[in-house]
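Enquirer: Got a predicted structure plus its sequence, pasted below:
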Amino acid sequence: MKAQREIIQFPALRELRELLGPRRLLTGPLAEQLYKYDAAFEMELPLAVALPENAEEVARVVGVCAREGVPLVPRGAGTSLSGGAIPSPGSVVLSLARMNRILEIDPGAQVAVVQPGVVNLNLQNALEPQGYFYAPDPASQLVSTLGGNLGHNAGGPHCLKYGVTSHHILGVEMVTATGERVRLGSRALETGGYNLLGLVVGGEGTLGIATEIACRLLPLPEALGTALAVFDSLEEASETVSGIIAAGIVPAALEMLDQPLMAAVEQHVQAGYPLDAAAVLLVEVDGPPAAITPQMAAIEGLCNEHHARDFRSAYSREERAVLWRGRKGAAAAVANLAPGKLSTDVVVPREVLPEMVRQVTEIGRRQELIIGVLLHAGDGNLHPQIVFNPRDTEQLARVRRAQEEIVRAALSLGGAMTGEHGVGSEKRHFMNLVFGPGELALMAGIKRAFDPRGLMNPGKLLPDETPEEAERPAVPEGTFEQVAPEITVRDEQGRWRPRDYEAVSKFLALANRDGRPVRIMGAGIGLDLRSPLPTGQAEPEREVLCTLSLGRLLHLEAANLTVTVQAGMRLGELQQALAEAGQWWPVIPPGGAEATIGGILAGGMSGPLAARYGRLQDLVTGVKFALPSGEVLRFGLPCVKNVAGYAVERLMVGSRGTLGALLELTLRTLPLPERRQTVRVTGGDLETFRVRLQANGTRPAAVEPQGEGLLVALQGMESEVEALEETVAALASETGAEPQPAEEELWTLVAAGRRERLAPPPPGAEEFSRRLKELFDPRGILPGP
Amino acid sequence: MTDDELMEQELVRCNKCGYCLSTCPTYNVEFSEGQAARGRLVLLQALRDGELALSQENQRPDSGLVQELGEAVSGCLLCGACTEACFSAIHTDELMVRARAGMPGGPPKGVRLLTRHFLLRPERLTAIMRLAGVGRRTGMVRLLRRLSPTLELAEELVEPAPREFLRDRLREIGFHPEGRSGTWVLPRDPRALTVGPRVVYFIGCGTNYQLPEPGAAAMRLLARAGCEVVVCPHVCCGLPPYSYGDLVSARELARRNLELLGGLGADFLVTECGSCGRFLKRYPELLAEEPDLARQAEALGEQVRDFTELLATLPLPEPVNPPAGVVTYHDPCHLGRGQGVTEEPRRLLREAAGAKLVELPEANWCCGGAGTYNLAHPQRSEAILQRKVANIESTGAEIVATACPACLLQLRHGLRMSGSGAVVKHVAEIVAEAQGLRSARVEEGVRGGTTNCET
Ligand SMILES: Cc1cc2nc3c(=O)[nH]c(=O)nc-3n(C[C@H](O)[C@H](O)[C@H](O)COP(=O)(O)OP(=O)(O)OC[C@H]3O[C@@H](n4cnc5c(N)ncnc54)[C@H](O)[C@@H]3O)c2cc1C
Ligand code: SF4
Ligand code: SF4
């Protein structure tokens, strides 16, 4: 029998079978069929399937496979829509489904530690009675696993307000490509060292296998309101979305269905959608009860302003469920139209959503296909649903063409090829459209740093043809001393200030050629925050490249909630420009308003607002930087959701100028809170006060120790802040503490004092950091990590 | 639609989304694709497309491949939970039955023999059951052993057979013989608040030979609520052979029942067995290839009511003797999902029995009993049962109500093993007791490891 033959042919399998027993190492024609698929199109037979039950077994399986050169494919529930979990040829599928225990729920620390096979909804169900939730809620949450969510950096309707998976993973234990167990991140919000975790999340199992995941918990919101509005034009529906965001409301969900999808839903579940309308918009807001009514009233006003022809609102669980019925029934409705369905996944800047939908409709007409569009309208992510008959090969070819055209359309509108489903095996060939050879080569290098032999989920995420070495830019003629003054301005302190990006590139290329040490600097504030050198090591003389000369704001896309700036722009200036558009970048870094954006990001210290608004790595969506070789690379986009390739933009956060020179950054902005209020609380039982306040459904924006007391930031809608003030007063009297209004500026002090509290990077992953450093800066002209 | 068309039409609609993994009880104990609807469907598809080729050598029923395939195909509980989670509403359960029919070697030969010699000839079945029942153990066990010879658990699972089968006790319940031979009638209770319909009572095999008390209670209750209850000869509904993929036998039994039960001049055909009820309602599909019969089956199917479904529409007096402890309710797959009857049993418990009802978490998860599944796949069935038992224990209920004999047996077994003190009863028993309709020989259900139906 074939199963027997395989066991004999592959000594690795014999060993694995001894390790796991025959019931947990599956081989043979049946096992091959049973694991050849995920929820995407393609299929490939695996060599065998391993079902380990603990991290040690995972490590041993990987160890054996690494030694024998057998590729491995991690698998959760196999619901990947991009082929992330489809076996690579000749691979052992490593199913983590049996590792499904919730190891710990720590409400006090707002952390849960789980095994990777835990189903997302099961975690939610375990958290709910304790008053918490885990924010990422992919539609597949009733079956997809946290390991799989991590692999694809899954999103869900609630990620507009709360962020995607990468925002909520604090740390992992990972089995490396060689079968070692290492920890990345920690249980704290921010960990020092290179942001390796930021790469692994969304790494599609190509960098390692998460065997334990620490995720962030949030207190369940106290109240919810849901609105449903029907529009006669898609433009007006989209303008309503922009209007809501411009009004400073950040809804918990903002979903839209276009006309063909509405028609399908109506046919299937009778949600009460008019068949001739162009779009239906579903908006959900959450927060303290007092904040719901004014937000809902504002939303209703905006819907009316944009000529919604029907508006309904609901507050109770049952009534809200009625409004959600159509949206929730959309998938079934689509399944009802034809036997097969392809759910595509692209992102465009919010303001071009109607244009994108128009193009999708046009593509559908051209390819003679029924396409209904489901939009996570709040973040520009849309899922055109193409229905077809899988047995009709000619039609299937048209489906493929339509998918390709949709991706190209999104890219040409400045969007992303995938917002949440991942690249997997099915979108690999689009990577060349998105990234240049330099970016692809760097990503291939990252892959090698983690997995030198290419055994982890090969054939995923990266295109087949990845240039080993991209072409390096030519180093300018002449000596450093000759050229540097031509392309930069030297300031009084002897720092080199480049005129433009090209100058940075040339400057670095020269220094690199000559092996001349360089330090990259913004406003210079971060220098004092540098960790001291290990004793006995002398800091070499360095040429200082100062980015303050690159201080322009490039694009402020208010409707899209993004802004693109040069790295040398100072925070104060940025906030001022944003404030004019009613927005801000919710960061209070140690350096204060004088610090540059590049310096802040490279420094990697988010400051006290991170728990509320996200860490730096969650607030940057794109970077452009120069490598020491002079090569200029770009990763990410002005899109909140984008999971194409490795998240190098996250790696650059906290890289402290050791990997390259940041040139340009795209940041995620937020509407300015209607009101900001700082309160200082002293005396009494402050610890109890803090714990109770943080467990409150409506969270303060920050709570930090300051001197003898606690500093509390109350931010949000007027009504929200009022409610919080009451809570603070009540908790203070319960714990015998005294609250007093305080200066907003105190927060910068708090931020500066906060740096010791960056969790130290766990030991074990230094080798990866070293390899990454070598990849970016092979001659070591920048400071060490 | 032919079986083959059904197969093709259903398989093509599976887009492998995996949602069925969330509800499939077998997947949720083994976490391997071969024990989920998605994997099972992929295997069928692979067989149809020739990707999974059964070569000469491995086509033999005893080949490793066929056995593995059998494990996936026969491992399905036919609980239908996957269909509920599936956007395409694919009926994996039915496809698995078709697949069992098409397995190399076909459905187990024993099933065909059993049907031909016993199920189609109830008098013989009763005789052998009586014989087998002499001694402590039930004949069910031996019969079941013929289906699946390696069962140590069988004796543990199946409770001691009652001394008398339900059909032996009709007179005691108040029936009297009438008209055509073998027909018995239980007149409406003069105290009834209304004049209810005339109903034919369908006595399932499990009810008759294994658990007569729920049947007796249901009959008494129907009469008390104003029904005239008729019992007449009929055969097994056909579900057991159907579950083993023996469609020939199942259809034979269905045809026979159509002959025996057609034209009885009753308003409804009632049973307290959720599985029989569901299967009777589905005769039209089963007989789809025979249009004339299908039409008759349609008419019969429209008359079928679960006992709770009918009773809930009839007025009953206030309960005189409500159950002492907290009650929780387990939805039998074939009643809840299968017939959409979920509210009625709960309402009866709350209102007609006056019970304090607490909702059972995952009330509609299969208990792993699934007819004779627990005998054929003891380990998996146990694991599924454990989840159910843990949920039951989490409610703190003292009485577990359900509405299908197979579930009753399985739940009793589970609670016995866990050492829990909870008692498992059919809704009919609980309501009957609460209404003061006590059987001459009171059966208290089974507590711990003891049963008092022998006293
Ligand atoms: C109907 C439907 C709706 C969906 N809705 C959404 C949605 O709303 N939002 C969304 O983002 N996605 C959605 N998806 C896509 C899919 O559910 C997500 O990508 C999900 O995160 C995959 O989880 P999984 O457990 O199925 O992982 P798998 O599909 O098994 O694996 C996904 C990837 O993660 C890797 N991986 C798995 N486990 C680990 C691990 N422990 N360590 C490292 N890598 C690992 C795999 O190798 C693979 O590359 C949907 C899919 C379907 C079928
Ligand atoms: S839920 Fe339905 S469509 Fe999805 S995998 Fe299961 S059977 Fe197939
Ligand atoms: S019928 Fe039940 S056991 Fe069978 S595949 Fe569906 S959910 Fe699983």
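Expert: Received, thanks. Ligands and ions are numbered 1, 2, ... in the order given.
Enquirer: What's the local residue count around A:Q493?
Expert: For A:Q493, the tally of surrounding residues (other Cβ atoms under 10 Å in any protein chain shown) stands at 9. (C-beta placed from N, C-alpha, C; glycine too.)
Enquirer: Now the spatially most central residue of chain A: closest residue in space, sequence neighbours ignored.
Expert: Closest residue to the average C-alpha location of chain A: A:S166 at 4.3 Å, with Cα atoms, centre = their mean. Excluding the flanking residues, the one nearest A:S166 by Cβ to Cβ, 6 or more residues apart in numbering or on different chains is A:V201, at 4.4 Å.
Enquirer: same check, this time on B:V248
Expert: Distances taken as Cβ to Cβ, 6+ apart place B:R112 nearest to B:V248, at 7.2 Å, with adjacent residues excluded.
Enquirer: can you map out the helices along the stretch 51-200 of chain B?
Expert: Along the stretch 51-200 of chain B, counting by DSSP state H, counting those that start in this stretch, helices occupy B:64-74, B:81-85, B:92-102, B:109-114, B:122-133, B:139-147, B:153-157, B:170-173.
Enquirer: Residues contacting the second one, please?
Expert: Spelled out, it's helix B:81-85. A:142, B:19-20, B:22-25, B:36-37, B:89-93, B:333, B:337, B:364-366 (Cβ atoms under 8 Å, 6 or more residues apart in numbering or on different chains).
Enquirer: on that earlier part again, so how many other residues sit close to the residue nearest to A:S166?
Expert: 30.
Enquirer: Now do the contacts for it.
Expert: Listed by Cβ under 8 Å, 6+ apart, the contact partners of A:V201 are A:L150, A:N153, A:T165, A:S166, A:I169, A:A647.
Enquirer: I only care about those that end up buried; give me the ChimeraX line for that.
Expert: Here is the ChimeraX selection string for the buried members of these, based on 16 or more other Cβ atoms under 10 Å in any protein chain shown:
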select /A:150,153,165,166,169,647
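Enquirer: Out of the contacts of A:V201, list just those in strands.
Expert: Members of the contacts of A:V201 lying in strands (criterion: DSSP state E): A:I169.
Enquirer: Of the contacts of A:V201, which fall within the contact range of ligand 2?
Expert: Here nothing survives when the contacts of A:V201 are matched to ligand 2 using Cβ under 6 Å from any ligand atom.
Enquirer: Which of the contacts of A:V201 sits closest to A:M296?
Expert: Closest approach to A:M296 among those (Cβ to Cβ): A:T165, at 28.9 Å.
Enquirer: mind checking how far that closest one is from A:V643?
Expert: Remark: distance between A:T165 and A:V643 (Cβ to Cβ, to the nearest Å) = 9 Å.
Enquirer: before we move on, what about A:E404?
Expert: Distance, A:E404 to A:V643, by Cβ to Cβ: 18 Å.
Enquirer: residue ranges of the strands in chain B, please?
Expert: So, for chain B - with DSSP E - the strands run B:176-177, B:184-186, B:198-201, B:228-231, B:268-271, B:304-306, B:326-329, B:356-358, B:399-402, B:423-426, B:446-447, B:450-451.
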